[in-house]
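*Asks:* Fold the stuff below for me.
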Amino acid sequence: MHRLRPHSRGFTLLLGALTTLASFATDMGLPVLAPMADSLGVPAGRAALSLSVFMAGFALGPLVFGPVSDHVGRRRVLLTGVAMFTVFGGFAAFTRSLGGLLSWRFLMGTGAGGCSVLVVATVRDLSTGIEARVKQSYVNLAAGIAPIIAPTLGVAVATLGGWRAIYGFLAIGGAVLLSVATLRLGESLPRRPEGSFDVQRALAGYARVLRHRVSVGYILVVALNFDCLFAYVSGSSLILIGVLGVSQRMYGVLFAATAAGLMVGALTNARLSRAGVSHARLITWGQGLILGTALVLLALTFAGAVTVWLLVPLAVIGFIGQGMVRPNAVQGALEPLPEIAGVASAVLSALQMIVGALSSAIVAEWFDGHSPFAVTAMMAITASLSVLVYAMMVRPAERGVPAMPHPERA
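*Replies:* Sure, this is the predicted structure:
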């Protein structure tokens, strides 16, 4: 069977599908944490650790998979990540203890994290400039579907076979993707370093990324904007259900509408990039939407005027900005360092997971059960920091480096 052409829709769709593994693995299980806890004989709070360990694995995986892929190639390492997700998802479906479940979830997260970082690096290998930003947008567009449908799909699967069926479904989905990727995905890394892989070389790559002002600046922009986004995601149920009193069913609808903003932003970014709008302008517009909506929400919080019909539309607008900023910032982080794109992508992925976990922990600590301040304040702080990093670190450094090359049109 022929490999997919790098500029084909099928190739982009496959990359997008590979990035959805983490979203499906986390969001499908959210509605069934209580039944899972009852089945394993543990408190519901302990069962929620299955999310934490998955995210820990997702943060660790890129730090290992990224530098290894820079040396041995993307394809083999990516297939290893999908295989880990599939096999350990199957083990999780049959586990009889919380300890076993947490172990398998951690290893699933490690595999999913490896897939995520390698998709980003693969795009960098095959495209540069405008073409890369467009492809990153379409990959994000495909990935944005998962948070919209995953919770509802999780309920449907659990209705048929309980919480274990969700892990069976994830394992089957992983097996399908593994088969397709094995048959249709080619190697994207054009040249590989000579000699054997060693840890010292990997650490040198990490040091090089952290010393590169443009790359590390864009990584901080991605991480801080993800921090802003995750503050809303982690606290949305606390506000909408706990403070504003919407039903669980309505919450699912509102959450899906908010997540759709990411897709709109990614599609808008792709269209405007194709039309010749510069990445700097698109990032500036997107950052303006993110910061503007965050500050308005914080002002409404102080005024005691936050309602469902103000919060959700403003969040949607902010998420549109997220969909515009992320593809450009991700490519901006990888563009200057093509020979260690795996390492740069690993730093980006790990840092955003770390700050996302920190954001959700702070929101949980600040939340008083009566006000959305914990969420809106964290959104405003992180959005402001992202704008400052871009304006004071990235743009001055970027003006001092050669212009990013334009790709050949497919």
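*Asks:* and the chain, what are its domains?
*Replies:* Domain assignment for the chain, taken from automatic domain parsing, gives 1-187, 212-398.
*Asks:* who wins for proximity to residue 199 among those?
*Replies:* For residue 199, the closest of the domains of the chain is domain 1-187, at 8.6 Å, according to Cβ to Cβ. C-beta coordinates here come from the backbone N, C-alpha and C atoms, glycine included.
*Asks:* so how far is that closest one from its chain's centroid?
*Replies:* The chain centroid and the centroid of domain 1-187 are separated by 11 Å, computed with Cα atoms, centre = their mean, to the nearest Å.
*Asks:* Any figure for the gap between residue 368 and residue 308?
*Replies:* Note on residue 368: its distance to residue 308, by Cβ to Cβ, to the nearest Å, is 19 Å.
*Asks:* neighbour count winner among the two?
*Replies:* Counted by other Cβ atoms under 10 Å, residue 368 and residue 308 do not tie: residue 308 has more neighbours, with 16 against 9.
*Asks:* hang on, isn't the more buried one packed against residue 239?
*Replies:* No - using Cβ atoms under 8 Å, residue 308 makes no contact with residue 239, being 9.1 Å away.
*Asks:* What is the longest helix seen in the chain packed up against?
*Replies:* Longest helix in the chain, counting residues (DSSP state H): helix 145-184. Packing contacts for helix 145-184, counted by 3 or more Cβ pairs under 8 Å, 6 or more residues apart in numbering; DSSP states H and E, involve helix 9-19, helix 21-27, helix 33-40, helix 74-94, helix 248-274.
*Asks:* Just list what the second one packs against, helices and strands only.
*Replies:* On a contact count with 3+ Cβ pairs under 8 Å, 6+ apart, helix 21-27 meets helix 49-72, helix 74-94, helix 98-126, helix 145-184.
*Asks:* What are the buried residues along the last one?
*Replies:* By that I understand helix 145-184. With burial defined by 16 or more other Cβ atoms under 10 Å, the residues of helix 145-184 counted as buried are 145-151, 153-154, 157-158, 163-171, 173-175, 177-178, 180-181.
*Asks:* and what of stretch 222-237?
*Replies:* 222-236.
*Asks:* what about residue 311, neighbour count?
*Replies:* Residue 311 has 25 neighbours, counted by other Cβ under 10 Å.
*Asks:* need the contact list for it.
*Replies:* 239-240, 244, 297, 372 (Cβ atoms under 8 Å, 6 or more residues apart in numbering).
*Asks:* State the next helix or strand along the chain beyond the longest helix of the chain.
*Replies:* Remark: after helix 145-184, the chain's next helix or strand is helix 199-211, criterion DSSP states H and E.
*Asks:* That following helix to helix 49-72, inter-axis angle?
*Replies:* With axes from the mean of the first three to the mean of the last three Cα atoms, to 10 degrees as the basis, helix 199-211 and helix 49-72 are set at 100 degrees to each other.
*Asks:* Do me a favour and average the pLDDT over the helix or strand following helix 199-211.
*Replies:* Downstream of helix 199-211, the next assigned helix or strand under DSSP H and E is helix 213-237. Mean pLDDT, helix 213-237: 90.
*Asks:* How far does helix 213-237 sit from its chain's centre?
*Replies:* Taking the mean of its C-alpha atoms, helix 213-237 sits 10 Å from the chain's own mean (Cα atoms, centre = their mean).
*Asks:* could you say what helices and strands that helix packs with?
*Replies:* The contact analysis (3+ Cβ pairs under 8 Å, 6+ apart) places helix 213-237 against helix 199-211, helix 248-274, helix 279-303, helix 308-334, helix 341-366, helix 373-389, helix 395-398.
*Asks:* what packs against the fifth one?
*Replies:* Which is helix 341-366. Secondary-structure packing of helix 341-366 (3+ Cβ pairs under 8 Å, 6+ apart): helix 49-72, helix 98-126, helix 199-211, helix 213-237, helix 308-334, helix 373-389.
*Asks:* Output the ones you listed in CSV; the columns should cover distance to residue 86.
*Replies:* Shown next, in CSV, are the helices and strands packed on helix 341-366 (distance: least, Cβ to Cβ, whole Å):
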stretch, distance to residue 86
helix 49-72, 14
helix 98-126, 8
helix 199-211, 26
helix 213-237, 26
helix 308-334, 26
helix 373-389, 34
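*Asks:* Compare those helices and give me the one nearest residue 356.
*Replies:* Between those, helix 213-237 lies closest to residue 356; by Cβ to Cβ that is 4.0 Å.
*Asks:* between the closest one and helix 145-184, how many degrees?
*Replies:* Helix 213-237 and helix 145-184 meet at an angle of 130 degrees, taking the same axes, to 10 degrees as the criterion.
*Asks:* angle of helix 213-237 against helix 308-334?
*Replies:* Using the same axes, to 10 degrees: helix 213-237 against helix 308-334 is 160 degrees.
*Asks:* coming back round to it: redo the domains of the chain as JSON lines? Include distance to residue 200.
*Replies:* Below are those laid out as JSON lines (distance: least, Cβ to Cβ, whole Å):
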{"stretch": "domain 1-187", "distance to residue 200": "11"}
{"stretch": "domain 212-398", "distance to residue 200": "13"}
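*Asks:* what about residue 135, neighbour count?
*Replies:* Neighbour count of residue 135, defined by other Cβ under 10 Å: 27.
*Asks:* give me every residue that touches it.
*Replies:* Residues in contact with residue 135 (Cβ under 8 Å, 6+ apart) are 12, 123, 126-127.
*Asks:* same question for the host helix or strand of it, mean pLDDT?
*Replies:* Under the criterion DSSP H and E, the helix or strand holding residue 135 is helix 129-143. Averaging pLDDT along helix 129-143 yields 81.
*Asks:* what do you get for stretch 266-274?
*Replies:* Across stretch 266-274, the average pLDDT comes to 92.
*Asks:* Quick check: buried residues in it?
*Replies:* Using 16+ other Cβ under 10 Å as the test for burial, stretch 266-274 gives 266-270, 272-273.
*Asks:* In JSON lines: those residues, plus distance to residue 136.
*Replies:* Below are these laid out as JSON lines (distance: Cβ to Cβ, whole Å):
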{"residue": "266", "distance to residue 136": "9"}
{"residue": "267", "distance to residue 136": "12"}
{"residue": "268", "distance to residue 136": "13"}
{"residue": "269", "distance to residue 136": "9"}
{"residue": "270", "distance to residue 136": "9"}
{"residue": "272", "distance to residue 136": "13"}
{"residue": "273", "distance to residue 136": "9"}
